[in-house]
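Enquirer: return atomic coordinates for the entry below.
(2 chains)
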Amino acid sequence: MKKLKLLFLTVIALSAFNTFASTGKLLATPGVSQVEGSGGGGIIPWAQLAGYASEDEFSINGFCSRADVTDYSLDVCGAQVNLFNRVELSYAQQNFAVPALNTEIEQEITGVKVRLYGDIVYSDWPQLSLGVQYKSLDDGTVATLVGADDTSGTDIYLAASKLHLGAVAGYNWFWNVTTRYSEANQLGLLGYGGANSNEKLLFEGSTAIFLSREVAVGIEYRQKSNNLGLGEQDWQDVFVAWMPNKYVSVTAAYLDLGSIAGAKDQTGWYLSVTGYW
Amino acid sequence: MGKILTTIVLIASLAGCSSASNLTLYQQLDGQAGLERLVDSFINQIGNDKQIIHYFEHANISHFREGFINHLCVLTDGPCEYTRDSMVDIHTGMHITEADFNHVVDLLINAMNEQNIDHTVQNKILAKMAPLRSEIIKI
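Expert: Numbering: from 1, shown residues only, chains lettered A, B, ... in the order given. Okay, here's the model as predicted:
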């Protein structure tokens, strides 16, 4: 929890120094920060690299998010560095609270994303990026208890994104499709692999409409595997993102995460703030 | 899932609110007079911008004004023919970066806001202009 507070304070402190901020992208086009620390939506990494750096710039972003569902909550804070809109380095610290067991599960995620092709606004074909997320549980006791094979794992994903200007009755329309190879159970918070391991290639998708330059509303869908045989279900959410300028974004979402560790119907709210420098 | 579907329907109906009009973009912009007001706003934006103004150091502003109005008229399906130099010829040697290009897009959006141009009309104009980027930057 101390690490989270430190990261949060760093985010606040940095927001006072936006003089050197990179602003080379169009407003809102980098997206926001997803729960594993990568640039994306709320639960899905997108092809855009986090932050407003263009090919001649670099940028640093910090974020904190909270998800509150029926029986659990997840706090995440993290940061991304965008190098010349080619490489995104990310770090996130997750803190998953299970009040019923009076326990918290902490996980660290380090990510790299490389832009392979394009620009979500200008290129003929969608922007394409390849990413890796290396995840490691601080304490694997719960993961081992529920039958996971490992307490750390690596996700690899390929993401494609496109923003179509004026495409839906004059409104800008965004979509993203991500394919992920993963053995993670509930993001890895319940470890990696298990007796029921199957279906490792997973599909994730998002779409949104920009009601204005600053406000987007959209949905996300993330397929999950059920390695532990605990009835893990696909995740989905409806979100509103507000990007009033190139220095801050705020995202709120309604989450439907299905069954988590045997507790059914995990629905609730999500709030995330990202600062950009 | 029911709530998500409701939201999708809501988004779809919101998107449907903007009238699908038969008018050309040129007409929706109030024709030649509207384009002139927009380009004047845009020139004013550029004139007050430290990041961009240096690209116009040796520019003939009235030549730029006439050229841009003509180009917008063509792009918005107005009654004009493109009579100016090619985009590539105009921008060769200027070495415009990605960031500065996007900054000029921001200034154009400011100008469109200043002229109270509807959001959906703005997007349609930007959609017409976006493909020109490759003829403008990094040359």
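
Enquirer: list every C-alpha atom in the host helix or strand of A:Asn82, with coordinates, as CSV.
Expert: For A:Asn82, the element it lies in under DSSP states H and E is strand A:73-83. Provided in CSV are the C-alpha atoms of strand A:73-83 (Å, rounded to 0.1, in the frame of the first residue of the first chain):
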residue,chain,number,x,y,z
SER,A,73,-11.4,-4.2,-5.1
LEU,A,74,-8.3,-3.6,-7.2
ASP,A,75,-6.0,-0.6,-6.8
VAL,A,76,-3.4,0.0,-9.5
CYS,A,77,-0.8,2.7,-9.9
GLY,A,78,1.8,2.9,-12.5
ALA,A,79,3.8,4.8,-15.1
GLN,A,80,4.7,4.7,-18.7
VAL,A,81,7.5,6.1,-20.7
ASN,A,82,7.0,6.7,-24.4
LEU,A,83,10.2,6.9,-26.5
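
Enquirer: buried residues, that strand. List them.
Expert: Neighbour-count burial for strand A:73-83, counted by 16 or more other Cβ atoms under 10 Å in any protein chain shown, picks out A:Ser73, A:Leu74, A:Asp75, A:Val76, A:Cys77, A:Gly78, A:Ala79, A:Gln80, A:Val81, A:Asn82. All C-beta spots, glycine's among them, are computed from the backbone N, C-alpha and C.

Enquirer: chain center to it, what's the gap?
Expert: 8 Å (Cα atoms, centre = their mean, to the nearest Å).

Enquirer: and it, which strands flank it?
Expert: strand A:58-69 (antiparallel), strand A:87-98 (antiparallel) (DSSP bridges).

Enquirer: which strands and helices lie in contact with the helix or strand harbouring A:Val240?
Expert: Element membership for A:Val240, per DSSP H and E: strand A:235-245. Where contact means 3 or more Cβ pairs under 8 Å, 6 or more residues apart in numbering or on different chains; DSSP states H and E, strand A:235-245 is packed against strand A:215-222, strand A:248-256, helix B:2-16.

Enquirer: burial measure for A:Ser33, as a count.
Expert: As a burial measure, A:Ser33 scores 33 neighbours (other Cβ atoms under 10 Å in any protein chain shown).

Enquirer: measure whichever residue of chain B sits closest to chain A to B:Ile69 for me?
Expert: Ranking the residues of chain B by distance to chain A (Cβ to the nearest Cβ) places B:Thr120 first, at 2.4 Å. Here the criterion is Cβ to Cβ, to the nearest Å. By it, B:Thr120 lies 22 Å from B:Ile69.

Enquirer: ditto for B:Lys138
Expert: B:Lys138 sits 26 Å away from B:Ile69 when distances are taken as Cβ to Cβ.

Enquirer: those two: which is more packed in?
Expert: B:Ile69 (18 against 13).

Enquirer: buried residues in stretch B:120-134?
Expert: Going by neighbour count (16+ other Cβ under 10 Å), the buried part of stretch B:120-134 is B:Thr120, B:Val121, B:Gln122, B:Asn123, B:Lys124, B:Ile125, B:Leu126, B:Ala127, B:Lys128, B:Met129, B:Ala130, B:Arg133.

Enquirer: could you point out the helix or strand that follows the lowest-mean-pLDDT helix or strand in chain B?
Expert: Least confident helix or strand, chain B: helix B:2-16 with a mean of 54, by mean pLDDT, DSSP states H and E. Sequence order places helix B:25-28 as the next helix or strand after helix B:2-16, per DSSP H and E.

Enquirer: what mean pLDDT does the helix or strand following that following helix have?
Expert: Following helix B:25-28 in sequence order, the next helix or strand is helix B:31-47 (DSSP H and E). Averaging pLDDT along helix B:31-47 gives 98.

Enquirer: what's helix B:31-47 packed up against?
Expert: Judged by 3+ Cβ pairs under 8 Å, 6+ apart, helix B:31-47 is in contact with helix B:61-75, helix B:98-114.

Enquirer: would you mind listing what in the stretch 151-277 of chain A touches chain B?
Expert: A:164-172, A:209, A:211-213, A:217, A:219, A:236, A:238, A:254, A:256 (Cβ under 8 Å from any Cβ of the partner chain).

Enquirer: measure the residue of the stretch 51-200 of chain A found nearest chain B to A:Thr110 for me?
Expert: Across the stretch 51-200 of chain A, the shortest distance to chain B (Cβ to the nearest Cβ) belongs to A:Gly170, at 2.4 Å. According to Cβ to Cβ, A:Gly170 and A:Thr110 sit 41 Å apart.

Enquirer: repeat for A:Ala100
Expert: From A:Ala100 to A:Thr110 the distance is 30 Å (Cβ to Cβ).

Enquirer: check A:Asn172 too.
Expert: In terms of Cβ to Cβ, A:Asn172 sits 33 Å off from A:Thr110.
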